[in-house]
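Colleague: Sequence plus predicted model, see below.
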Amino acid sequence: MSPDELSPAAKRFLADHVNSVMALELLLLLRRERDSTWTAKTVTRELRCAETWAAAQLDALHAVGLTQPDAAVDGGYRFTLDEQQASVLDEIADAHRRRRSSIIRLIVSSLDSNVQSFSDAFRLRRRD
């Protein structure tokens, strides 16, 4: 699978909301269990990640409107997607299921590009 096989909306969603493979795993987990309430502890237990990372990710997803607090559970969030976002995430999940390594390469290459752009900003140039 090449990056060209993903729709522009899917590529944009990945660029906007996925800064690591683990962040993608979290989004796919929330998608699979969209009727559940998630806390940092439950995410940690499911993904075997650091609780501080899980809490930060849930907060970040809330900040961009992908989760909403669940008043019934202290520190709990529920996944909330509109139809367009759900469709895009379904496309990403299908691509991830079929060609996991290609999706991972796409995420990593995007991160590498961001790192290169950042490092280029500090490149010293000789004056002529």
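Modeller: Happy to help now that I have it.

Colleague: what's around Thr42, how many residues?
Modeller: Thr42 is flanked by 19 other residues according to other CB atoms under 10 Å. Heads up, the C-betas are built off the backbone N, CA and C, glycines and all.

Colleague: residues touching it, list them.
Modeller: Ser36 (CB atoms under 8 Å, 6 or more residues apart in numbering).

Colleague: Helix or strand: which one has it?
Modeller: Using DSSP states H and E, Thr42 sits in helix 40-47.

Colleague: Kindly report the same for Ser101.
Modeller: Short version, using DSSP H and E: Ser101 is in helix 100-120.

Colleague: ok, back up a step: can you list the buried residues in the helix holding Thr42?
Modeller: Ala40, Thr42, Val43, Thr44 (16 or more other CB atoms under 10 Å).

Colleague: Return the alpha-carbon coordinates of it using CSV.
Modeller: Provided in CSV are the C-alpha atoms of helix 40-47 (Å, rounded to 0.1, in the frame of the first residue of the first chain):
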residue,chain,number,x,y,z
ALA,A,40,-5.6,7.0,31.7
LYS,A,41,-5.6,3.8,33.8
THR,A,42,-7.8,1.8,31.4
VAL,A,43,-5.8,3.0,28.4
THR,A,44,-2.6,2.0,30.2
ARG,A,45,-3.9,-1.4,31.0
GLU,A,46,-5.1,-2.0,27.4
LEU,A,47,-2.1,-0.6,25.5
